[in-house]
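1. I need the structure of the sequence given here:
(2 chains)
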Number of protein chains: 2
Amino acid sequence: MPETLTFDGDALHLLDQRALPVDVRYEVCRTPEETARAIKSLVVRGAPAIGVAAAYGVALAARRAMESGAAIDLALTDAHRILAASRPTAVNLFWALDQMRRVQRSLPGASSETLFDALAAEARKLQSDDVASCRSMGEFGASLFPAGARVLTHCNAGALATAGYGTALGVIRSAHRQGKIDRVFADETRPVLQGARLTAWELVNDQIPTTLITDSMAGFLMSRGEINCVVVGADRIVANGDVINKIGTYSLAVLAREHRIPFYVAAPRSTFDLATPTGKDVTIEERDPMEVLEFGGIRVAPVGVDVRNPAFDVTPFALVTAIICETGVAQAPIAEALIRLVALPFDPALDPAVR
Amino acid sequence: MPETLTFDGDALHLLDQRALPVDVRYEVCRTPEETARAIKSLVVRGAPAIGVAAAYGVALAARRAMESGAAIDLALTDAHRILAASRPTAVNLFWALDQMRRVQRSLPGASSETLFDALAAEARKLQSDDVASCRSMGEFGASLFPAGARVLTHCNAGALATAGYGTALGVIRSAHRQGKIDRVFADETRPVLQGARLTAWELVNDQIPTTLITDSMAGFLMSRGEINCVVVGADRIVANGDVINKIGTYSLAVLAREHRIPFYVAAPRSTFDLATPTGKDVTIEERDPMEVLEFGGIRVAPVGVDVRNPAFDVTPFALVTAIICETGVAQAPIAEALIRLVALPFDPALDPAVR
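-> Numbers count the residues shown, from 1 in each chain, chains lettered A, B, ... in the order given. Okay, the predicted model is just below:
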């Protein structure tokens, strides 16, 4: 599978996820501005992938300052401001920027060259740690799956949403390796169709049996006993365990409970926002109405109609069976469980693919 | 608003609902075969409209036999067979064909001319009765709505799905005339987008404030208190009150109950199928996978992915607040209530628009 993002020491190459599955092409970002624009316009999406891309965006600011002789402190401050404003909901973005700022502060008065080397190294570490986290999540999550899993997923929480392997799709990949997957149902995930375009593409590439459905079909298939577990990713998980994820996740969680189907959320700890008490406290991004009014440049709705386009929704933890992260599985009482998993050490070198 | 269907004595003119809202054009059907093809390919859709179109399809068989001198009995038998095979789920189709057969049997040995006149008159009556039914449903339904209704609807149960005025949209139109509508939320209704293309178009034409959303957003808006009632149409209502309607209806009913929001179903008695005990006994049409794989001729999903495309789902009556038909409102105990409403007389001349 093509890499979600690569850094060649001078530029960040982002697999353009808007063009998939029809075209496999890369967008080249040489500045933090270009990186922020790529995040905003969904060239790269998925909370962990956004975090890693933003980290490289900061490294690119140092790289450009190194070349132009611009003041490095100012360049990095600008980069943080621009990247932080790219998308409001996924907390991994802010977490990754924090990691970069920590590195910067550890080198007061350093030259642009020194800072670039340190920041690029940190971004690379965030990237490889993210893959290791996904593999660890995969192991923890797969152990929860039933044999003969007929698993529903929503949006894309795959290799494309991360530095590789995926969160929800990482769990599915690990379960598939263990022979536990009978079939995956992929919600198409309107309006941007990440499920149809990205998740189906990843799973077909991996030769995992996959059925594409529209978002409105999940409830019916559950009622007919065709789905026996659900796993999704997350854009933010707050202190009380509420999950902020792609619009439609909440409805699936309600439907899963109605049918007594386990509902799992897989997300690295960089997605945790334990400083925010509940899901109600999170800003939900409203995106461009044209995403709903048009499809592939074709107008589908009449002129004069209003549109709502919230990109995410809030799933109360009461509807979640378990949250899976790289250090384990969190269940009720969830606030304590999340704190415990954050405190546990995680050694990326203990990647289960290597062990 | 353009007419959904008109008969000029020689041909049936169907507003091509596949082209809306971009183009307003008519498909001309001169034979039962052309009519069946138009039903199958969604030129005309919506349970009551399908019924009326099929009735005209039978009249067209008599018309053509009258011109060609073909054997009228054989021509009508063929027409019934072809039209009955066009779509399996909406029961109004079979009900309308039964009405036509009743007329035919009342005129044994009649000439093609006599039969055509009688069948065309019957089809015209089914058409005008359907509009009167919708207006009556509108009155009954509107009385149930709260003031300041923020009502969600799914698919298109409007003038376009009927001979005019609409079932669910008829209730919304009547409630709007009574000043009760604050806003309508229209689910876009993938895969065929009847909500975006047809419902939004009808409501914008009527200057009713309308917000288009994707199917996955309804739950989130309910959780934020932005929706306070739901009304949908039906393709079939069986003896125990189970409602067969557009895929996605069941999920909305589960979500409505979760948020204690009333969930209404509006459908004429021609939609009732009291000979079928439960929703589980109804054949659910699976349509062409391309409806899910493509949009507007643009491929959205990778080659190699499987697809499910059930056109309808089953909502147990336990999730339905009330069923509204032209003779009143049915609530639990539902089996008895449906029988009572079927037995009540309905005089189309008492159209509430006329009273």
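
2. drop to CA atoms for contacts and neighbour counts, all remaining ones
-> Noted.

3. For residue A:218, give me its contacts.
-> Neighbouring residues of residue A:218 by CA atoms under 8 Å, 6 or more residues apart in numbering or on different chains: A:152, A:187, A:252, B:251.

4. ok, 10 Å please
-> Neighbour list for residue A:218: A:152-154, A:185-187, A:226-227, A:251-252, A:255-256, B:247-248, B:250-251 [criterion: CA atoms under 10 Å, 6 or more residues apart in numbering or on different chains].

5. Next: residue A:320.
-> Applying CA under 10 Å, 6+ apart, one finds that residue A:320 lies in contact with A:230-231, A:241-243, A:250, A:253-254, A:256-257, A:262-265, A:331-332.

6. What segments of chain A are helices?
-> Secondary structure of chain A (DSSP state H): helices located at A:32-40, A:47-68, A:72-84, A:92-105, A:112-142, A:168-177, A:194, A:200-205, A:218-223, A:249-258, A:290-293, A:334-343.

7. Buried ones among the contacts of residue A:320?
-> Buried members of those, counted by 16 or more other CA atoms under 10 Å in any protein chain shown: A:230-231, A:241-243, A:250, A:253-254, A:256, A:262-265, A:331-332.

8. before we move on, back to that, pick the one among the contacts of residue A:320 closest to residue B:143.
-> residue A:254 (30.0 Å; CA to CA).

9. Wait, residue A:90 touches residue A:238, no?
-> No. Residue A:90 is not in contact with residue A:238 according to CA atoms under 10 Å; the separation is 11.3 Å.

10. Output the helices of chain A as JSON lines; include the columns mean pLDDT and distance to residue A:308.
-> Formatted as JSON lines, the entries for the helices of chain A read as follows, by pLDDT from 0 to 100; distance: least, CA to CA, whole Å:
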{"stretch": "helix A:32-40", "mean pLDDT": "98", "distance to residue A:308": "18"}
{"stretch": "helix A:47-68", "mean pLDDT": "97", "distance to residue A:308": "22"}
{"stretch": "helix A:72-84", "mean pLDDT": "97", "distance to residue A:308": "24"}
{"stretch": "helix A:92-105", "mean pLDDT": "97", "distance to residue A:308": "25"}
{"stretch": "helix A:112-142", "mean pLDDT": "97", "distance to residue A:308": "33"}
{"stretch": "helix A:168-177", "mean pLDDT": "98", "distance to residue A:308": "27"}
{"stretch": "helix A:194", "mean pLDDT": "96", "distance to residue A:308": "19"}
{"stretch": "helix A:200-205", "mean pLDDT": "97", "distance to residue A:308": "26"}
{"stretch": "helix A:218-223", "mean pLDDT": "98", "distance to residue A:308": "22"}
{"stretch": "helix A:249-258", "mean pLDDT": "98", "distance to residue A:308": "16"}
{"stretch": "helix A:290-293", "mean pLDDT": "96", "distance to residue A:308": "8"}
{"stretch": "helix A:334-343", "mean pLDDT": "98", "distance to residue A:308": "32"}
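
11. Determine which stretch of those is the most buried.
-> helix A:194 (a mean of 29; mean count of other CA atoms under 10 Å in any protein chain shown).

12. any idea how far the closest residue to residue A:122 other than its chain neighbours lies from chain B?
-> Leaving aside its sequence neighbours, residue A:122 sits nearest to residue A:100 (CA to CA, 6 or more residues apart in numbering or on different chains; 7.0 Å). In this structure, residue A:100 and chain B are separated by 34 Å, where distance is defined by CA to the nearest CA, to the nearest Å.

13. Which residues are in contact with residue A:100?
-> Each residue near residue A:100 by CA under 10 Å, 6+ apart is listed here: A:54-56, A:58-59, A:76, A:80, A:94, A:106, A:118-120, A:122-123, A:126.

14. Got the domain ranges for chain A?
-> Annotated domains of chain A cover A:5-133, A:138-354 [automatic domain parsing].

15. and the end-to-end length of the first one?
-> End-to-end distance of domain A:5-133: 17 Å, with CA to CA, to the nearest Å as the criterion.

16. In contact with residue A:10, which residues are there?
-> Here residue A:10 is in contact with A:29, A:30, A:31, A:59, A:60, A:63, A:64, A:120 (CA under 10 Å, 6+ apart).

17. Let's see that with 8 Å instead.
-> Applying CA under 8 Å, 6+ apart, we find residue A:10 in contact with A:30, A:60, A:63.

18. The last one contacts residue A:118, correct?
-> If I follow you right, that is residue A:63. No. In terms of CA atoms under 8 Å, residue A:63 does not count as a neighbour of residue A:118; the distance is 11.0 Å.

19. before we move on, the earlier item: check the buried ones among the contacts of residue A:320 one by one and keep those near chain B.
-> Judged by CA under 8 Å from any CA of the partner chain, the overlap between these and the neighbourhood of chain B comprises A:250, A:254.

20. Among the buried ones among the contacts of residue A:320, which lie within strands?
-> In this view, the buried ones among the contacts of residue A:320 that belong to strands under DSSP state E are A:230, A:231, A:243, A:263, A:264, A:265.

21. which bits of the stretch 1-150 of chain A sit near chain B?
-> Looking at chain B, the residues of the stretch 1-150 of chain A close enough under CA under 8 Å from any CA are A:21, A:22.

22. Pick out the residue of the stretch 1-150 of chain A closest to chain B.
-> For the stretch 1-150 of chain A and chain B, the shortest gap (CA to the nearest CA) falls at residue A:21, measuring 5.9 Å.

23. Can you tell me the closest non-neighbouring residue to that residue?
-> Nearest residue to residue A:21 in three dimensions, chain neighbours excluded: residue A:197, at 5.5 Å (CA to CA, 6+ apart).

24. mind listing what that neighbour touches?
-> For residue A:197, the set of contacting residues under the criterion of CA under 8 Å, 6+ apart consists of A:20, A:21, A:188, B:300, B:301, B:302.

25. most neighbours, which of these?
-> Of the contacts of residue A:197, residue A:188 is surrounded by the most neighbours, 30 neighbours in total, counting by other CA atoms under 10 Å in any protein chain shown.

26. Does that one touch residue A:156 like I think?
-> No. Applying CA under 8 Å as the test, residue A:188 and residue A:156 come out as separate, 9.4 Å apart.

27. Overlap in contacts, the two.
-> A:194, A:195.

28. give me the beta-bridge partners of residue A:186?
-> With DSSP bridges applied, residue A:186 shows beta-bridge pairing to residue A:153, residue A:212.

29. what about it, how many residues close to it?
-> Under the criterion other CA under 10 Å, the count of neighbours that residue A:186 has is 29.

30. Now do the contacts for it.
-> Under the criterion of CA under 8 Å, 6+ apart, the contact partners of residue A:186 comprise A:152, A:153, A:154, A:155, A:195, A:196, A:199, A:200, A:210, A:211, A:212, A:213.

31. Could you tell me which residues make contact with the nearest residue to residue A:141 once chain neighbours are set aside?
-> Setting aside the residues directly before and after it, residue A:141 is nearest to residue A:171 in space (CA to CA, 6+ apart), at 5.2 Å. Remark: with contacts taken as CA under 8 Å, 6+ apart, residue A:171 is in contact with A:135, A:137, A:138, A:139, A:140, A:141, A:142, A:266.

32. hmm, try it at 7 Å
-> Taking CA atoms under 7 Å, 6 or more residues apart in numbering or on different chains as the criterion, residue A:171 is in contact with A:137, A:138, A:139, A:141, A:142.

33. mind checking how far it is from residue A:325?
-> Residue A:171 is 10 Å from residue A:325, by CA to CA.

34. residues touching residue A:337, list them.
-> A:330, A:331.

35. can you list the residues of the stretch 201-350 of chain A near chain B?
-> If contact is defined as CA under 7 Å from any CA of the partner chain, the residues of the stretch 201-350 of chain A in contact with chain B are A:201, A:204, A:210-217, A:219-220, A:247-248, A:250-251, A:292, A:300-302, A:304-309, A:313.

36. gap between the two ends of stretch A:152-170?
-> Taking CA to CA as the measure, stretch A:152-170 stretches 14 Å from start to finish.

37. What lies in contact with it?
-> Residues outside stretch A:152-170 that contact it (CA under 7 Å, 6+ apart) are A:4-5, A:45-49, A:127, A:130-131, A:134-135, A:137-138, A:184-189, A:194-195, A:198-199, A:227, A:229-233, A:246, A:249, A:266-267.

38. Appreciated, that's everything.
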